[in-house]
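[1] predicted model and sequence below, questions to follow.
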Amino acid sequence: MKYQKKAYYGMEDTNNKIFKGDNIEVLTQIRDIYRGRVDCIYIDPPYNNDEEYIHYNDSDGFDIWLEKLCNILPLLFELLSDKGSLWISIDDGELHYLKVAADKIFGRKNFVHTIVWEHRTTRENRMAFSNNHEYILVYAKKPDEFKKRRNLLDVDEEFLKRYKNPDNDPRGPWQSISVSVQAGHAVSSQFYTIVAPNGNLHKPPAGRCWAYNEQRMLEEIKNNNIWFGKEGNGVPRRKKFLSESKIGLTPETIWFAEDVGTTDQAKKHLKSLFKNQDVFDTPKPESLLKRIIEISTNEGELVLDAYLGSGTTAAVAQKLNRSYIGIEQGEHVSDIIIPRLNKTIDDLLSEDGVRDNLGYELWLEESNDID
Ligand SMILES: C[S@@+](CC[C@H](N)C(=O)[O-])C[C@H]1O[C@@H](n2cnc3c(N)ncnc32)[C@H](O)[C@@H]1O
């Protein structure tokens, strides 16, 4: 099947594309152009839960479901850039089968982590256990590159509160951190007694040694980088300045609803966009995609979703100034994705005025046209 650009919305020349069609067919057509160029791939495939939703069926059965995923995953992996990562939403029903299959395709060394997402906050009393979480499997093309280049989460007030300036240091706020380290790999020059400015003597704590040798420690004390407490009687600690700290939080593997939203919130948000109709059964919250995209990409970089559903990934990528490719085979490309994206673009235009890459191309099978 051949796909062609049939329309665009917003600016004519953007890097953003929405394909209406089967994801394997589309990826087969675009793989040569995008090989090694995609920085974040998020997919939210059917979970094989035997449900018939308004806009798609999830009733292939285990063998076909797994076969389809095993066919698409290698194509997706090929598109990842060196720092690129692949995020797969799944629930408890198939997590373990999918993990084993994906490990075989990507190689276990490329598995990064499983994220647990609290997708509902209410208790489901009809079941033996109330299932309140889903999973996101994360793989990387080169996990070391991903680790080096992935972004940290924005800091909260709690983080900033740790930095104070009790001695009015002109270099700004700082927090004190230990200046002793475990003695395991220490050399003899790290064992000595520190003489504090008030004459107090400090030996390293049991099983530990000082992080610096004596000469360096004296320099650090002279340069006001070692803190002995407000009264000068405390255990020596190093001053770590806010200005020299990497400001951000390492993402954790448990993502709570209060930070990234729930399925219900995602549905309510979609309803609010579409005047209260029941628009789509299984959307993901924009805040969940925001976190994934912000960790894995910077502005201008490329995000791909091959099971676009209601268009969440594309809408969030557009808001975050990332380029995007979305693939969806259902008819809801016309009645959900397009109106949602158009509204996103219109809102951004009215908020920010013109900015680069605002808009998308619509690609359809050669023989099709839009309604
Ligand atoms: C769980 S939904 C994705 C929801 C999406 N994450 C969101 O936030 O709205 C899965 C989507 O994958 C689409 N899909 C399933 N198989 C596909 C295929 N072979 N090619 C393209 N889309 C497919 C379905 O039509 C459905 O819209």
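    Nice, thanks for sending it over. Residues are numbered from 1 along each chain as shown.
[2] show me the contacts for the residue of the stretch 51-200 of the chain found nearest the ligand.
    Of all residues in the stretch 51-200 of the chain, the one sitting closest to the ligand is Y56 (3.5 Å; CB to the nearest ligand atom). C-beta here means a position set from N, CA and C on the backbone, and glycine is covered the same way. With contacts defined as CB atoms under 8 Å, 6 or more residues apart in numbering, the neighbours of Y56 are 46, 330.
[3] kindly report the residues of the stretch 151-300 of the chain close to the ligand.
    Residues of the stretch 151-300 of the chain found near the ligand (CB under 6 Å from any ligand atom) are 280, 282-284.
[4] can you tell me which of those are buried?
    280, 282-284 (16 or more other CB atoms under 10 Å).
[5] quick one: these as CSV, columns for distance to D144 and pLDDT too.
    CSV is the format used below for these (distance: CB to CB, whole Å; pLDDT from 0 to 100):
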residue, distance to D144, pLDDT
F280, 38, 92
T282, 34, 94
P283, 34, 97
K284, 28, 98
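[6] closest one of these to E258?
    K284 (16.2 Å; CB to CB).
[7] tell me the SS of that closest one?
    Each residue gets one of three states, and K284 gets coil by DSSP: H, G, I helix; E, B strand; the rest coil.
[8] then S350?
    helix.
[9] gap between it and the ligand?
    Distance, S350 to the ligand, by CB to the nearest ligand atom, to the nearest Å: 24 Å.
[10] repeat for W363
    With CB to the nearest ligand atom as the criterion, W363 and the ligand are 13 Å apart.
[11] re the thing from before, next, the residue of the stretch 51-200 of the chain closest to the ligand: phi, psi?
    Backbone torsions for Y56, taken as degrees, to the nearest 10, come to phi -160, psi 160.
[12] state the pLDDT value of it.
    With respect to pLDDT, Y56 scores 93.
[13] contacts for stretch 80-93, please.
    For stretch 80-93, the external contacting residues (CB under 8 Å, 6+ apart) are 36-45, 47-49, 76-77, 98, 102, 106, 112, 117, 131, 134-142, 145-146, 148-150, 284, 292, 296.
[14] drop anything exposed from these.
    The neighbour count (16+ other CB under 10 Å) marks 38-45, 47-48, 76-77, 98, 102, 106, 112, 117, 134-142, 146, 149-150, 284, 292, 296 as buried among these.
[15] which ones among those are found in helices?
    Per DSSP state H, helices hold the following members of the buried ones among the contacts of stretch 80-93: 76-77, 98, 102, 106, 146, 149, 292, 296.
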